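1. what's the 3D shape of this:
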Amino acid sequence: MSVYGNIVLGTIWVPELPDGQGSKYKALAAATRAAIADGTLTVGQKLPPVRDLAWELKITPGTVARAYTLLTDEGVLEAAVGRGTFVAELAPAGGAVVRPATVWRATAVESEEVNLYSPNLPDAGQGALIQEVMIRVAQDPPSGFLNYPARAKTVDARRAIIGWLGQTPLGSYDENHIVLSHGGQNAIALVLQAVLSGAEPVVLTEDLTYPGFRRVADLLRARTVSVPMDAHGLIPEALEAAAREHGAQVLCTSPEVHNPTAGFTPHERRQELADVARRCDLQVIEDDCYRMSEARAPSYRMLLPERGWYVSSISKTITPALRMGFAIAPDGRQSALRRAAEHSYFGLATPLVDMMTAILTDPRLPGITEKVCAGISDYMRMAVNILGSYEVTWRADVPFLWLTLPPGWRAGVFCQAAEGAGVKIRPAEEFAARDARAPHAVRLAINAQVTPASFEAAMGRLRVLLDNPPERISV
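-> Take a look at the predicted model:
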């Protein structure tokens, strides 16, 4: 039996929806208001998760999400990022609640051309913080302007990263396990340089995966092999078969936020995969760059302290512009990771290290990142409201969604049509191996640097395309 807060599956609140052809999201919203009015749902009570209630009611998750959004806009419900949806303390007698203007909306621009290739974060105050830090470092640089980078001078930055990671379940480590990098992609390259050996090393990835894994492997003359996955991530039996058949050395994976499907690998599955990694002598690189809220399961570095490598950056929570990232080595492999960095670029520029320390230790940062996540959640809500009647996989704290296309559309053709409508999106082919057969699906990243009206209009244009597939299918 699964427990979500104070909700136990099998005993969750399940309203009765009237039969008929009316809008089911409106019917669900009306049933929720009635349950609050008669005391069935009380102030502060957590509502069932979207997918659980959708399953019980035999409707789509998008329909439930749309009803929750409508009630949240009215002030009847309130959404807490990472915790769920609750009955609001003060539900109004009627009429919509006007939300107060937020900082991040003030910096957004109107645009008919909306680029959804990569996430664009809202400015929730991090722009001003970075500017302030730049000025402070320029006026009085702790590391000076005339010295070579040195690892000893990055101790404060590496300790700041430990503080920024907070309660992330990484096992036992300290600042000596950490190496600073030029973003997450550079961190992946450093780890692969530290572990790959032989004439033609083999790197394993999910069959749909972050293309940066394959690009770095190509650069290092390694061969990548795709491993089948299911709704919970990599399939353990398939991973073991691929590792043994190809003599693989490394697995690259993203268990917290799978890119591009927004999936999640639960603890039990991670443990099975960790057992395979030990039996097959695989090093495991975990890319955690897309996580914006608390981790939901132990990292591979915690499960595999002798072979688990952890990579992340500030790109998806603060800004991608500064290219600040890092890798955390497993026990006993710190020197190999450090050599890879020092032999490649000596170290990050000293003013950049000073800035990283100042930004990550600023007391305003937690509030800023919370607003960034709230901004992403607002835009995601708009997307799901419009596209939710189709098969979409999404999370409120993930800056992209995965859309499975309806019959009649191929991913490449749909992306061309979307670009013709002023919306740039990525087809599934970009995340698949060159010789693989990709699903008919697309990834839509959140762009919170355009106004809500511009973003909503872009979603509307995509919905029109989805509703009107071409008569002839292009192959």
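2. contacts and neighbour counts: CA atoms only from here.
-> OK.
3. where do the helices of the stretch 51-200 of the chain begin and end?
-> Shown for the stretch 51-200 of the chain, the helices assigned by DSSP state H, counting those that start in this stretch span residues 61-74, 103-106, 126-139, 155-165, 183-195.
4. among these, show the one with the smallest mean pLDDT.
-> Of all the helices of the stretch 51-200 of the chain, helix 103-106 carries the lowest average pLDDT, namely a mean of 54.
5. now the helices of the stretch 51-200 of the chain as JSON lines including mean neighbour count?
-> Output for the helices of the stretch 51-200 of the chain, formatted as JSON lines (neighbours: other C-alpha atoms under 10 Å):
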{"stretch": "helix 61-74", "mean neighbour count": "22"}
{"stretch": "helix 103-106", "mean neighbour count": "17"}
{"stretch": "helix 126-139", "mean neighbour count": "15"}
{"stretch": "helix 155-165", "mean neighbour count": "18"}
{"stretch": "helix 183-195", "mean neighbour count": "23"}
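6. among these, which is nearest Val227?
-> Closest approach to Val227 among those (C-alpha to C-alpha): helix 183-195, 18.4 Å.
7. using CSV, list the CA coordinates for that closest one.
-> Written as CSV, here are the backbone C-alpha positions of helix 183-195 (Å, rounded to 0.1, in the frame of the first residue of the first chain):
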residue,chain,number,x,y,z
GLY,A,183,28.9,23.3,-16.5
GLY,A,184,27.4,19.8,-16.3
GLN,A,185,28.5,18.7,-19.8
ASN,A,186,32.2,19.5,-19.0
ALA,A,187,31.7,17.5,-15.7
ILE,A,188,30.5,14.4,-17.7
ALA,A,189,33.5,14.7,-20.0
LEU,A,190,35.9,14.9,-17.0
VAL,A,191,34.4,11.7,-15.4
LEU,A,192,34.6,9.8,-18.7
GLN,A,193,38.2,10.9,-19.1
ALA,A,194,39.0,9.7,-15.6
VAL,A,195,37.5,6.2,-16.1
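8. can you list the low-confidence ranges for the stretch 1-150 of the chain?
-> 1-11, 20-22, 81-82, 90-107 (pLDDT under 70).
9. give me that answer again for 80
-> The model of the stretch 1-150 of the chain has pLDDT under 80 over residues 1-12, 18-23, 37-38, 61-62, 73-75, 79-83, 89-108.
10. and what of the stretch 351-475 of the chain?
-> Within the stretch 351-475 of the chain, the segments meeting pLDDT under 80 span 471-475.
11. and the helices in it?
-> According to DSSP H, counting those that start in this stretch, the helices that the stretch 351-475 of the chain contains are 365-387, 411-420, 452-467.
12. I'd like to know which of those helices is closest to Leu77.
-> Comparing the helices of the stretch 351-475 of the chain under C-alpha to C-alpha, the one sitting nearest is helix 365-387, at 14.1 Å.
13. angle of the closest one against helix 452-467?
-> 40 degrees (axes from the mean of the first three to the mean of the last three C-alpha atoms, to 10 degrees).
14. let's check: the centremost residue of the chain is which one?
-> Of all residues in the chain, the one closest to the mean position by C-alpha atoms, centre = their mean is Tyr290, 3.4 Å from it.
15. my read: that one touches Val398, true?
-> Yes. The pair Tyr290 / Val398 is scored as a contact, 6.9 Å apart, by C-alpha atoms under 8 Å.
16. next, show the common contact partners of these two.
-> Val257 (C-alpha atoms under 8 Å, 6 or more residues apart in numbering).
17. neighbours around Tyr379, how many?
-> Applying other C-alpha atoms under 10 Å, we find 22 residues neighbouring Tyr379.
18. contact partners for it?
-> 446-448, 452, 455 are the contacts of Tyr379 under C-alpha under 8 Å, 6+ apart.
19. from those, which two are the most distant?
-> Ile446 and Pro452 (10.9 Å).
20. among the two, which residue is more densely surrounded?
-> Each of Ile446 and Pro452 has its neighbours counted (other C-alpha under 10 Å); Ile446 has more, 28 against 18.
21. what's near enough to touch that one?
-> Applying C-alpha under 8 Å, 6+ apart, we find Ile446 in contact with 116, 118-121, 376, 379-380, 399-400.
22. got these as a markdown table, with distance to Pro61 columns?
-> Below are the contacts of Ile446 laid out as a markdown table (distance: C-alpha to C-alpha, whole Å):
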| residue | distance to Pro61 |
| --- | --- |
| Leu116 | 23 |
| Ser118 | 25 |
| Pro119 | 23 |
| Asn120 | 25 |
| Leu121 | 25 |
| Ile376 | 19 |
| Tyr379 | 17 |
| Met380 | 14 |
| Pro399 | 18 |
| Phe400 | 17 |
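23. please narrow those residues to those residing in strands.
-> Among the contacts of Ile446, DSSP state E puts Phe400 in strands.
24. which among the contacts of Ile446 end up buried?
-> Buried subset of those (neighbour count, 16 or more other C-alpha atoms under 10 Å): 116, 118-121, 376, 379-380, 399-400.
25. just say helix, strand or coil for the residue nearest to Thr224 when sequence neighbours are not counted.
-> Closest residue to Thr224 apart from its sequence neighbours, by C-alpha to C-alpha, 6 or more residues apart in numbering: Val203 at 4.7 Å. Here Val203 is strand, with the state taken from DSSP: H, G, I helix; E, B strand; the rest coil.
26. is Val203 in a bridge, and if so with what?
-> Taking DSSP bridges as the rule, Val203 bridges to Thr224, Val250.
27. can you pull the contacts of it?
-> 217, 222-225, 248-252.
28. what confidence value was assigned to it?
-> Reported pLDDT at Val203 in the predicted model: 98.
29. tell me the domain ranges of this protein?
-> Per automatic domain parsing, the domain ranges recorded for the chain read 1-99, 104-124+366-475, 150-348.
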